[in-house]
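>>> Kindly generate the corresponding structure for this input.
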Amino acid sequence: LFSKHFYFVFMKTCSFLSSGHVFPLKRSGQHSPLTGVTFTCKLRQRSRRASKRHTMVFVEGSTKSRSFVVDDPSIGKVDLSSPFLIRQTQILIASYEKIFDKPICKELASRQGMSMEEQSWALFHAPICLLSHDRCEIEGRFTNLFNYYNRTALQALELSFQQITGLPSSRSTTADAQAQAARNAILTDALAFGHKTYPYVVRVTSTGQFVRLEDGSLFNLFDDEGIYRGQAARFESFRRLDAQGVAI
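Here you go, the predicted structure:
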């Protein structure tokens, strides 16, 4: 009796599977909002003993087109899927985590399942001020040029992404000798010891106003081959100041 029952269940199962039925884990055209993948499939018809059966055949997982371009009049147009910004994002994330042993921002506390483009988008829109510069040679002299600002940093300094690209980082403060000396001292300490933390710095916006960047950390950047790639500054928040230096 057991053998007959087993044979009956076995034959029914084979018939069910051969008919093309599948468990509803993914449907054709179903889109995953995290990965951006739309699953597509087609039905292939075949005849067997004059009966029509259908078999589900997986065609491909097509990446649904998603724009990673930010186009905002106040901060300019930024393609966060560009090779440079993808690479710079990874350098910033890895360098900060290696030095401070914690995520660079809460939005990237867990990157599992996130594409490189999604990580670039998350870091750019994080509610922290993040900026970086790299050492470049211009007419035989080395100088630090900005190569990254995230959205919050651009808003704090009232700049567009196009304005900061290639801008000497010394322009972030006044030309006053004392202000430049204080800035250079922080950069030198970070270069020597790997990082430098400080309660705040005061910087000048593009409109000539003062802004206080608070709870700051300056750290050195290295790529995955251990090559020095400049420095980055991260601030938890910012406050605008009036002419007397009082927070507005």
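>>> Quick check: Ile93 touching Ile104?
Yes. Contact between Ile93 and Ile104 holds when scored by C-beta atoms under 8 Å: they sit 5.4 Å apart. Backbone N, C-alpha and C define where each C-beta goes, glycine included.
>>> So between these two, which is more surrounded?
Ile104 (23 against 19; other C-beta atoms under 10 Å).
>>> before we move on, the earlier item: okay, and the common contacts of Ile93 and Ile104?
Listed as contacting both Ile93 and Ile104 by C-beta atoms under 8 Å, 6 or more residues apart in numbering are Leu123.
>>> neighbours around the nearest residue to Gly76 once chain neighbours are set aside, how many?
Ranked by C-beta to C-beta, 6 or more residues apart in numbering and with sequence neighbours excluded, the top spatial neighbour of Gly76 is Ser160, at 3.5 Å. Other residues within reach of Ser160, judged by other C-beta under 10 Å, total 17.
>>> which intervals of the protein have sub-threshold pLDDT?
Across the chain, residues meeting the criterion (pLDDT under 70) sit at 1-65.
>>> so where do the helices sit in it?
Secondary structure of the chain by DSSP state H: the helices cover 2-18, 83-100, 116-124, 151-157, 161-164, 177-193.
>>> Could I get the full set of strands for the protein?
Secondary structure of the chain by DSSP state E: the strands cover 37-48, 51-63, 69-72, 76-79, 129-138, 141-149, 195-204, 210-222, 228-241.
>>> can I get those strands in JSON lines with mean neighbour count and distance to Thr173?
Converted to JSON lines, these look like this (neighbours: other C-beta atoms under 10 Å; distance: least, C-beta to C-beta, whole Å):
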{"stretch": "strand 37-48", "mean neighbour count": "12", "distance to Thr173": "46"}
{"stretch": "strand 51-63", "mean neighbour count": "11", "distance to Thr173": "43"}
{"stretch": "strand 69-72", "mean neighbour count": "13", "distance to Thr173": "26"}
{"stretch": "strand 76-79", "mean neighbour count": "17", "distance to Thr173": "22"}
{"stretch": "strand 129-138", "mean neighbour count": "18", "distance to Thr173": "13"}
{"stretch": "strand 141-149", "mean neighbour count": "17", "distance to Thr173": "12"}
{"stretch": "strand 195-204", "mean neighbour count": "16", "distance to Thr173": "6"}
{"stretch": "strand 210-222", "mean neighbour count": "19", "distance to Thr173": "10"}
{"stretch": "strand 228-241", "mean neighbour count": "19", "distance to Thr173": "12"}
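>>> how far is stretch 105-119 from where the chain is centred?
Distance of stretch 105-119 from the chain centroid (C-alpha atoms, centre = their mean, to the nearest Å) equals 7 Å.
>>> got it, and stretch 79-95?
On C-alpha atoms, centre = their mean, the centre of stretch 79-95 falls 7 Å from the chain's centre.
>>> Quick check: buried residues in that stretch?
In terms of neighbour count (16 or more other C-beta atoms under 10 Å), stretch 79-95 has its buried residues at 79-81, 85-86, 88-93, 95.
>>> Among those residues, which one sits closest to Gln155?
Leu80 (16.1 Å; C-beta to C-beta).
>>> The closest one against Arg66, yeah?
No. In this structure, Leu80 is not within contact of Arg66 by C-beta under 8 Å, at 10.9 Å.
>>> Find residues that contact each of the two.
Common contact partners of Leu80 and Arg66 (C-beta under 8 Å, 6+ apart): Glu117.
>>> rewinding a little: tabulate the helices of the chain (a markdown table), appending distance to Ser132.
Shown next, in a markdown table, are the helices of the chain (distance: least, C-beta to C-beta, whole Å):
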| stretch | distance to Ser132 |
| --- | --- |
| helix 2-18 | 55 |
| helix 83-100 | 6 |
| helix 116-124 | 11 |
| helix 151-157 | 10 |
| helix 161-164 | 10 |
| helix 177-193 | 12 |
